[in-house]
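Q: need a structure here:
(one chain, ligands or ions: 3)
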Amino acid sequence: MTLHLDDLRVRHLGECHHDSPLAEMLAAKRTSPHYVAEGDRVLLEDTVSMLAEHGLPPDRLPSFEAAGPRRKIYFDPVRVTAGIVTCGGLCPGLNDVIRGLVQELTTQYGVERILGFRNGLRGLTAQHRDDTIELTPDRVRDIHNAGGTILGSSRGAQDADEMVDSLLLRGINVLFVIGGDGGMNAATHLAAAIRARDLDIAVIGVPKTIDNDLPYTDQSFGFQSAFAQAANFISSVSIEAAASPDGIGIVKLMGRHSGFIACYASLARNAADIVLIPEVPFALEGDDGLLARVEQHVRAKGFVVIVVAEGAGQDLLAERGLLEGDATDASGNAKLGDIGTLLRETLTAHLTAAGLAPTVRYIDPSYAIRSVTANAYDSVYCLRLAHAAVHAAMAGRTETAVVRWRRRFVHVPMPLIISKRNQVDPDGDLWMSVLEATGRLVGNPSARHPLLVDG
Ligand SMILES: Nc1ncnc2c1ncn2[C@@H]1O[C@H](COP(=O)(O)OP(=O)(O)O)[C@@H](O)[C@H]1O
Ligand SMILES: O=P(O)(O)OC[C@H]1O[C@](O)(COP(=O)(O)O)[C@@H](O)[C@@H]1O
Ligand SMILES: [Mg+2]
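A: Ligands and ions are numbered 1, 2, ... in the order given. Okay, here's the model as predicted:
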């Protein structure tokens, strides 16, 4: 899909008439290599060939509005009541974002009332809307020292109009939704319901996902902390596998439809022999199949380390009747079959039948990779996203997500951020790095699984 400048424009609640408390500091600011001034824009694409293809003057090229403080703002800060909600699966840095929002709203803008809705969007239903947490700088001072979210989170559907009623009843003017694709979808519906009732409430999204499956953001916050933790399990399993005769080490990592965690964690340790992700199908049987390749590896090297994303090989589970049909969770996300156990069982059987005596070490760290605290890099990232989110809200942007795009902080219209899924491109340079690292680059690129082609 080719995007045009108009597709990238964000919605405003109206004209900005109030002086920002930051106006004086901003007065002399101009665009530089390190700052994008208010009114300037950040290009969607970044190669000469992609830009040339448009044949447009620079100011007509597809570009995002720069995030950051404005000299004039829409809301009078003393009249603002802000709401914060965290939704979906946990992600390192959620508490950092909450803390950053509260600190920025209070110290820079003087907002006096901030409410945290509990347990995700469930907290915005009629039944739970009164059970909020008053968020103050004191309350959030130390929350970044713990993983998870002090507000709680949940999956499951809510009615958009009922949530709008909650915002009205609690006097919320700006709502910050920290969520993944589901949360951004819900926030988009919520913003549409607000618009349909012509209400003056801003909805700002802060995209969250350890899977890194949201588009138009370089990498989502918490992703780095999660894959760093995942990498530790790869080290453990490779030590175990290397110390066992005919050792097989398998680590299954989260990643429902996108294999970014598996790729990055594997590259971080450079110890994996085989990486399996949802985006690249593979066969078990046959000369190029996984079983044969693992056997070759074990015979040649003595052990093998396999990193598998939980969403990989779902077709193989379906063929074997090991999937629950079209099962979904409360939010409508696909319920996955257990590829790790299938690998463990089929590899054990195959290698035993081939006369080897495999020792299989299988680790499924599951929630252990996403419940950790944010590392220092992610903490900085979360804080800066929080700053951008507060500036966007105070300037009356709505139905807008704040993201980092090509290292700049920008505003992305929410409908765009839910328009597609970010996945590892089998033709992209990340997957090429994985193939290089696992020594599988040479071969027939059209093979069903390039990892399993002779290299
Ligand atoms: N398509 C959708 N429309 C409206 N709400 C949605 C949609 N998808 C998910 N939601 C809601 O958003 C919340 C978070 O979604 P979920 O998929 O669980 O997590 P995440 O935000 O991490 O992707 C849930 O309460 C869910 O019901
Ligand atoms: O928390 P649950 O419902 O067990 O879900 C686990 C899923 O959550 C994730 O960690 C992230 O999913 P979301 O970004 O949709 O929250 C996936 O990697 C994993 O499949
Ligand atoms: Mg999701």
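Q: next, count neighbours for whatever residue of the stretch 351-455 of the chain ends up closest to ligand 1.
A: Relative to ligand 1, the nearest point of the stretch 351-455 of the chain is I418 (7.7 Å; Cβ to the nearest ligand atom). C-beta coordinates here come from the backbone N, C-alpha and C atoms, glycine included. Using other Cβ atoms under 10 Å, I418 has 23 neighbouring residues.
Q: who's in contact with the closest residue to ligand 3 within the stretch 101-250 of the chain?
A: Ligand 3 sits closest to G180 of the stretch 101-250 of the chain, with a gap of 3.5 Å, by Cβ to the ion. Counting by Cβ atoms under 8 Å, 6 or more residues apart in numbering, G180 makes contact with 87-89, 91, 207-209, 211, 213-214.
Q: ok, it to L151 distance?
A: With distances taken as Cβ to Cβ, to the nearest Å, G180 is found 15 Å from L151.
Q: shouldn't R404 be within a strand?
A: Yes: secondary structure assignment places R404 in a strand (DSSP: H, G, I helix; E, B strand; the rest coil).
Q: that one - nearest residue in space that isn't next to it in sequence?
A: Spatially, and ignoring its direct neighbours in sequence, R404 is nearest to D218 (5.0 Å; Cβ to Cβ, 6 or more residues apart in numbering).
Q: and if you look at G286?
A: A292 (6.9 Å).
Q: tally of neighbours for the one you found?
A: Number of residues near A292 (other Cβ under 10 Å) recorded here: 17.
Q: which residues of the stretch 101-250 of the chain fall in strands?
A: Ranges of strands in the stretch 101-250 of the chain, per DSSP state E, counting those that start in this stretch, are 113-116, 133-134, 174-179, 202-207, 247-253.
Q: what strands flank the last one, and is each parallel or antiparallel?
A: Using DSSP bridges, the strands paired with strand 247-253 in its sheet are strand 303-309 (parallel), strand 359-363 (parallel).
Q: determine the set of other helices and strands touching the helix or strand just after it.
A: Using DSSP states H and E, the helix or strand that follows strand 247-253 towards the C-terminus is helix 260-269. Judged by 3 or more Cβ pairs under 8 Å, 6 or more residues apart in numbering; DSSP states H and E, the packing partners of helix 260-269 are helix 223-242, strand 247-253, strand 274-276, strand 303-309, helix 429-437.
Q: could you check the angle helix 260-269 makes with helix 429-437?
A: 40 degrees (axes from the mean of the first three to the mean of the last three Cα atoms, to 10 degrees).
Q: helix 260-269 near ligand 2 anywhere?
A: No: for helix 260-269, no contact with ligand 2 is found by Cβ under 6 Å from any ligand atom; the gap never falls below 7.5 Å.
Q: buried sites along that helix?
A: Going by neighbour count (16 or more other Cβ atoms under 10 Å), the buried part of helix 260-269 is 260-269.
Q: state the distance from the closest residue to A226 other than its chain neighbours to L5.
A: Spatially, and ignoring its direct neighbours in sequence, A226 is nearest to I210 (4.1 Å; Cβ to Cβ, 6+ apart). Here the distance between I210 and L5 works out to 32 Å (Cβ to Cβ).
Q: of these two, which one has the most company?
A: I210 (28 against 16).
Q: residue contacts, that one?
A: By Cβ under 8 Å, 6+ apart, the contact set of I210 is 89, 91-92, 220, 222-223, 226, 254, 261, 369-370.
Q: 10 Å instead?
A: Contact partners of I210, counting by Cβ atoms under 10 Å, 6 or more residues apart in numbering, are 89-93, 180, 220-227, 229-230, 253-255, 260-261, 369-370.
Q: how about the residues of the stretch 251-400 of the chain by ligand 1?
A: Counting by Cβ under 6 Å from any ligand atom, the residues of the stretch 251-400 of the chain that sit close to ligand 1 are 331-333.
Q: check those residues one by one and keep those near ligand 2.
A: Applying Cβ under 6 Å from any ligand atom to these, those adjacent to ligand 2 are N333.
Q: report the buried members of the residues of the stretch 251-400 of the chain next to ligand 1.
A: Using 16+ other Cβ under 10 Å as the burial test, these include 331, 333 as buried.
Q: what parts of the stretch 51-200 of the chain come near ligand 3?
A: The interface of the stretch 51-200 of the chain toward ligand 3, taken as Cβ under 5 Å from the ion, is made up of 180-182.
Q: what count of nearby residues applies to G39?
A: 9.
Q: re the thing from before, can you lay out the strands of the stretch 101-250 of the chain as CSV showing mean pLDDT and mean neighbour count?
A: Shown next, in CSV, are the strands of the stretch 101-250 of the chain (pLDDT from 0 to 100; neighbours: other Cβ atoms under 10 Å):
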stretch, mean pLDDT, mean neighbour count
strand 113-116, 98, 22
strand 133-134, 98, 14
strand 174-179, 98, 30
strand 202-207, 98, 29
strand 247-253, 98, 27
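Q: among the ones you listed, which is nearest H144?
A: Checking these against H144 by Cβ to Cβ gives strand 174-179 as the closest, at 13.9 Å.
Q: that closest one: partners in the sheet, and parallel or antiparallel?
A: strand 81-86 (parallel), strand 202-207 (parallel).
Q: and the nearest residue to R79 once chain neighbours are set aside, what does it touch?
A: Leaving aside its sequence neighbours, R79 sits nearest to N173 (Cβ to Cβ, 6+ apart; 7.3 Å). By Cβ under 10 Å, 6+ apart, the residues touching N173 are 13, 74-76, 79-83, 111, 113, 167, 199-202, 393-394, 396.
Q: mind doing that once more with 8 Å?
A: N173 sits next to 75, 79-82, 200-202 when contact means Cβ under 8 Å, 6+ apart.
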